[in-house]
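[1] Dropping a prediction and its sequence here:
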Amino acid sequence: MRLKMCSIHVTDPAAAHTFYTETLGFETLMAMPEYNLFIIKDPGADDSSVGLLLEPSDNPIGADYMNAVHDAGMPAIVFGVPDVRAEYERLVAAGVEFKGEPSENPYGTTAVFEDGCGNLVQLHQD
């Protein structure tokens, strides 16, 4: 058994796909705009890797969950990076809005940003 796919609710899957691929650097695993279906994967990963479904939040339950997590200040997902500070600087230069500077805590170095599609995303240093 292995992890095949997980999802994150977003306000606009097409816009999220653009942000997650063009700004963050993920790659498209599947894109079917006519069905509002977008799945991304880690850069360089093969097509059998874990996919991240950019789930439309048009379902009231999904929208309520997405909004409640965001309003509580909780990241909806965590992405690992080798150097949080370098990634922070790259993304700030690309116009990404962070909640603050990278910080160190007992569980590592982290930084949190807005994805522009209803979520907070945390970077964690590998």
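    Done, it's in.
[2] give the contact list for the closest residue to L120 other than its chain neighbours.
    Counting by C-beta to C-beta, 6 or more residues apart in numbering, P75 is the residue found nearest to L120 once chain neighbours are left out, at 4.6 Å. C-betas here are computed from N, CA, C, even on glycine. By C-beta atoms under 8 Å, 6 or more residues apart in numbering, the contact list for P75 reads 112, 119-122.
[3] 7 Å - rerun?
    112, 120-122 (C-beta atoms under 7 Å, 6 or more residues apart in numbering).
[4] Pull the distance from the longest helix along the chain to the chain's centre.
    Using DSSP state H to assign secondary structure, the helix with the most residues in the chain is helix 60-71. Taking C-alpha atoms, centre = their mean, to the nearest Å, one finds the center of helix 60-71 at 15 Å from the center of the full chain.
[5] Show me what the helix or strand that that helix is followed by is packed up against.
    Scanning forward in sequence from helix 60-71 by DSSP states H and E, the next helix or strand is strand 77-81. Contact here means 3 or more C-beta pairs under 7 Å, 6 or more residues apart in numbering; DSSP states H and E; on that basis strand 77-81 packs against strand 120-125.
[6] Kindly calculate the angle that the strand it packs on makes with helix 60-71.
    60 degrees (axes from the mean of the first three to the mean of the last three C-alpha atoms, to 10 degrees).
[7] All set, thanks.
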